[in-house]
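Peer 1: Return atomic coordinates for the entry below.
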Amino acid sequence: MTFTASPTRVQEGGNAVLTWKASNAYACRGYGPWEGSEGLEGSSTTNGLTATATFILTCFNTSGAKTSVKATVTVVDATASGTATLSWNAPTSNVNGSPITPLKGYTIYYGNSAGAMTQSLAVSGAATTGAEITGLGSGTWYFGVSADATDGTQSAMSEIGSITL
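Peer 2: Have a look, this model is predicted:
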């Protein structure tokens with residue numbers, strides 16, 4: 001079962017898109033600020049968020065088991081004005097030297113602790129080698145990048161970088 005929110009950070013009043021897909025299930029239900037029965041696959045746009053929200057999707061199978069997953073969307077202070085500009089080199093081969101699976105883009109992970117980079121930003125395009133993250137509050141921010149392949153796999157995270165605002 002997969003369940004994601006994109007983006008994972010919005011300014012007050014912003015929206016995120018929830019996307020999910022469940023297999024070996026007969027029904028799913030949303031909980032938290034997102035209530036109700038849902039199909040086994042789909043997407044839904046949140047209403048204007050005014051506070052950080054955790055959305056929960058629970059799916060049920062015919063043997064009575066249930067699986068729940070969470071997706072959190074953080075509402076950031078609109079007055080926060082820090083910006084981090086990131087750049088990276090696109091990979092050209094796998095670590096073992098084999099040809100790289102075609103890339104669809106990258107995921108930037110970041111947060112206020114190197115051990116808890118709980119926020120993310122998806123960046124489309126295999127040729128993309130940079131991004132800007134705005135709305136960061138003061139303090140030290142840590143960043144890592146993973147390559148996203150078209151087959152759904154993701155590379156290990158890059159070395160972690162940081163910036164103090």
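Peer 1: how far away is the residue nearest the centre of the chain from Thr62?
Peer 2: With distances taken as CA atoms, centre = their mean, the residue of the chain nearest its centroid is Ser120 (4.5 Å). As defined by CB to CB, to the nearest Å, Ser120 lies at a distance of 33 Å from Thr62. (C-beta placed from N, C-alpha, C; glycine too.)
Peer 1: now Cys28
Peer 2: As judged by CB to CB, Cys28 and Thr62 stand 14 Å apart.
Peer 1: ok, now Leu18?
Peer 2: Leu18 sits 25 Å away from Thr62, going by CB to CB.
Peer 1: Could you list everything Ser124 pairs with in the sheet?
Peer 2: Under the criterion DSSP bridges, Ser124 forms beta bridges with Gly105.
Peer 1: And what about the residue lying closest to Trp34 once chain neighbours are set aside, helix, strand or coil?
Peer 2: Sequence neighbours aside, Phe55 is the residue nearest to Trp34 in space, at 4.7 Å (criterion: CB to CB, 6 or more residues apart in numbering). For Phe55, the reduced secondary structure class is strand; criterion used: DSSP: H, G, I helix; E, B strand; the rest coil.
Peer 1: and Phe55, what is it in contact with?
Peer 2: The contact partners of Phe55, taken as CB atoms under 8 Å, 6 or more residues apart in numbering, are 3, 5, 18, 30-34, 46, 70-73.
Peer 1: returning to what we had before: between Cys28 and Thr62, who's got more neighbours?
Peer 2: Residue environment comparison for Cys28 versus Thr62 gives the larger neighbour count to Cys28, 24 against 9, counting by other CB atoms under 10 Å.
Peer 1: just checking, that one touches Thr58?
Peer 2: Yes. With contact taken as CB atoms under 8 Å, Cys28 and Thr58 are classed as touching, separated by 6.8 Å.
Peer 1: List the neighbouring strands of the least confident helix or strand in the chain by mean pLDDT plus their orientation.
Peer 2: Taking all helices and strands of the chain together, the one with the lowest average confidence (mean pLDDT, DSSP states H and E) is strand 9-11, at a mean of 81. Based on DSSP bridges, the pairing partners of strand 9-11 within the sheet are strand 66-76 (parallel).
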